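Asks: 3D model of this:
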Amino acid sequence: MQFNSYQRVTNEPNKFLYNGKELEDETGNYDYGWRRYDPATARFTGVDAFADKYFSMSPYQYGANNPIKYVDINGDSLMLFKNGAYVATVDNGKEEITGYNQLSEADEDGNESFTGGYHFGFNDIETDKEGLKSGKMKVELISNSEIESTIDASGANDPKNQDNRYSFIHRESRFQHDGSKGKMDFWASGIIRGDNVLHVARSKAGGAVGYNPSDFGNFMWGMAGRRLWFNLTTLRLGAHYNNMMNGKEDNAWNPSYEHQLLDSKADQRAIINGYNYNYKFQKNAVVLPKG
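Replies: Below you'll find the model as predicted:
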């Protein structure tokens with residue numbers, strides 16, 4: 001019976017040992033591709049490339065210290081942007097995909113200097129990827145002060161509206177609703193930069209996520225719902241109900257809209273992130289090991 005070469009007892013000594021990784025004779029370390037593992041200390045010799053994504057864990061550990069459940073991430077797909085415009089994608093084909101927007105400015109002589117940048121995850125990369133790569137959509141960071149002022153303008157911080165939160169959110173969440181000023185229809189009345197902008201929200205609690213305009217409206221709605229003292233389950237069910245009952249009418253202007261009974265996963269994820277913003281991590285902001 002034919003076996004793989006590293007299983008044959010008559011060939012060279014088997015070097016594929018722990019986790020099926022190759023043992024390097026020179027260093028005594030295991031080759032994990034992205035990093036080298038030292039079995040004597042049970043730690044990697046290099047810092048995890050995703051250390052800033054889940055900083056509560058040691059940057060030298062393996063698989064979140066749970067090798068039975070997780071395997072270590074070996075690189076990712078990174079979409080690179082410069083001043084909001086798409087540049088390139090590196091390590092394409094991996095499951096994980098994040099973005100990095102490099103900021104720069106030029107002086108009067110044309111000399112360019114880098115002024116910073118930021119990493120971010122994507123709320124709905126499958127929907128937004130084509131627009132980003134074609135240049136039809138740009139990336140822009142929305143400040144926490146802008147977000148907070150928009151929430152305040154929506155009336156969600158008003159105690160009177162909080163006391164009457166059910167009637168308030170029902171009336172103001174739909175711009176077409178009778179008597180509504182659309183204060184909580186954030187896609188129509190919020191800080192949306194335009195249909196061609198991926199809105200990046202960077203939480204004080206850690207991590208940044210990019211949202212297309214529709215998803216960013218849901219993100220803001222989830223945040224405003226928390227200010228009105230709704231629990232997350234009520235908000236999520238309310239969004240499903242609204243999509244079921246009003247989705248066709250509210251999107252009649254959009255020729256590409258395809259009605260579905262329930263809210264999409266991306267819509268629900270945006271609501272959850274808005275609800276948890278500055279309280280917990282946002283989904284797709286923290287890149288965890290594969291489980």
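Asks: only C-alpha atoms for contact and neighbour calcs from this point on.
Replies: Fine.
Asks: residue boundaries of the strands in the stretch 101-250 of the chain?
Replies: 112-122, 138-142, 197-202, 208-211 (DSSP state E, counting those that start in this stretch).
Asks: Looking at these, which is nearest to E26?
Replies: Closest to E26 of those, according to Cα to Cα: strand 112-122, at 36.2 Å.
Asks: Show which residues not belonging to that closest one make contact with it.
Replies: 97-106, 200, 207-211, 284-286 (Cα atoms under 8 Å, 6 or more residues apart in numbering).
Asks: Just the buried residues of the residues you listed.
Replies: 97-102, 200, 207-211, 284-286 (16 or more other Cα atoms under 10 Å).
Asks: tell me the most buried of the strands of the stretch 101-250 of the chain?
Replies: Of all the strands of the stretch 101-250 of the chain, strand 208-211 has the most neighbours on average by mean count of other Cα atoms under 10 Å, namely a mean of 27.
Asks: Given that one, what are its sheet partners and their directions?
Replies: According to DSSP bridges, strand 208-211 forms sheet pairs with strand 112-122 (parallel), strand 197-202 (antiparallel).
Asks: Can I get the shortest one as PDB, trimmed to CA atoms?
Replies: Coordinates of each C-alpha in strand 197-202 appear next as PDB, following Å, rounded to 0.1, in the frame of the first residue of the first chain:
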ATOM      1  CA  VAL A 197     -18.400  55.700   0.100                       C
ATOM      2  CA  LEU A 198     -17.600  52.800   2.400                       C
ATOM      3  CA  HIS A 199     -18.200  54.300   5.900                       C
ATOM      4  CA  VAL A 200     -15.600  53.100   8.400                       C
ATOM      5  CA  ALA A 201     -16.500  53.300  12.100                       C
ATOM      6  CA  ARG A 202     -13.700  52.900  14.500                       C
END
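Asks: tell me the mean pLDDT for that strand?
Replies: In this model, strand 197-202 has a mean pLDDT of 96.
Asks: now stretch 182-191
Replies: Stretch 182-191 comes out at a mean pLDDT of 83.
Asks: Identify each buried residue in that stretch, please.
Replies: G182, K183, M184, D185, F186, W187, S189, G190, I191.
Asks: Kindly report the same for stretch 129-138.
Replies: G131, L132, K133, M137, K138.
Asks: just stretch 141-149 next, same as before
Replies: L141, I142, I147.
Asks: Using a markdown table, please lay out the residues you listed together with pLDDT and distance to G225.
Replies: Shown next, in a markdown table, are the buried residues of stretch 141-149 (pLDDT from 0 to 100; distance: Cα to Cα, whole Å):
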| residue | pLDDT | distance to G225 |
| --- | --- | --- |
| L141 | 96 | 22 |
| I142 | 95 | 19 |
| I147 | 94 | 14 |
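Asks: just curious, which of the residues you listed is nearest to G238?
Replies: Closest to G238, out of all of those and judged by Cα to Cα, is I147, at 22.4 Å.
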